[in-house]
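Enquirer: Structure, please.
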Amino acid sequence: MRVIHPISEKTGETLVETLAAILMCTLAVLMLTTAVLTASRLNRAASERDANILTQREAAEQFSGFSGTGSNTITITVSSNGTENTYSNIPVYGGSDVMSYEVSE
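Expert: Model (predicted):
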């Protein structure tokens, strides 16, 4: 009895299929690594901005007085009930992102 084993009956993966699977896994790991690094960088930048704003807000809230004029003053116009009041040389506290002011009448 003669047994013939044709190539088409052989099972398993070819070298090309294995290389394609390795390439797909490598690309997936690369994309995941890039996403994690980008998220980490964005998180660090957001934390720094939050800390900066918090510092400025605390400085504005803890300010207990004002001495001097110049770049630390602004002019404010308030409209209420049909009347318009303008206040000049209003002291401003805080930084470039968070500002606080007080109007004394």
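Enquirer: mind showing which ranges of the chain have poor pLDDT?
Expert: Residues of the chain that meet the criterion pLDDT under 70 lie in 1-10, 60-71, 93-98, 102-105.
Enquirer: Would you map the strands across it?
Expert: Assigned by DSSP state E, the strands in the chain fall at 73-80, 83-94, 99-101.
Enquirer: Indicate which one of those strands is closest to E58.
Expert: When the strands of the chain are compared by C-beta to C-beta, strand 83-94 sits nearest E58, at 9.2 Å. For every residue, glycine as well, the C-beta is placed using N, CA and C.
Enquirer: got the CA coordinates for the closest one in CSV?
Expert: What follows is strand 83-94, C-alpha atoms only, in CSV (Å, rounded to 0.1, in the frame of the first residue of the first chain):
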residue,chain,number,x,y,z
THR,A,83,-27.0,102.7,36.0
GLU,A,84,-23.3,102.5,35.1
ASN,A,85,-20.5,102.9,37.6
THR,A,86,-16.9,103.2,36.7
TYR,A,87,-14.2,102.5,39.2
SER,A,88,-10.6,103.5,38.4
ASN,A,89,-7.3,102.5,39.9
ILE,A,90,-8.7,99.2,41.3
PRO,A,91,-5.9,97.0,42.8
VAL,A,92,-5.4,93.6,41.2
TYR,A,93,-4.0,90.6,43.0
GLY,A,94,-2.8,87.3,41.6
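Enquirer: residues near T55, how many?
Expert: Using other C-beta atoms under 10 Å, T55 has 14 neighbouring residues.
Enquirer: Enumerate the helices of the protein by residue range, in sequence order.
Expert: Remark: helices assigned in the chain by DSSP state H are 15-62.
Enquirer: Relative to T26, how far out is the closest residue to T77 other than its chain neighbours?
Expert: Leaving aside its chain neighbours, T77 sits nearest to T86 (4.8 Å; criterion: C-beta to C-beta, 6 or more residues apart in numbering). From T86 over to T26 the distance is 67 Å, taken as C-beta to C-beta, to the nearest Å.
Enquirer: okay, the strands of the chain in a markdown table with mean neighbour count and distance to S40 next?
Expert: Shown next, in a markdown table, are the strands of the chain (neighbours: other C-beta atoms under 10 Å; distance: least, C-beta to C-beta, whole Å):
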| stretch | mean neighbour count | distance to S40 |
| --- | --- | --- |
| strand 73-80 | 10 | 39 |
| strand 83-94 | 13 | 30 |
| strand 99-101 | 14 | 31 |
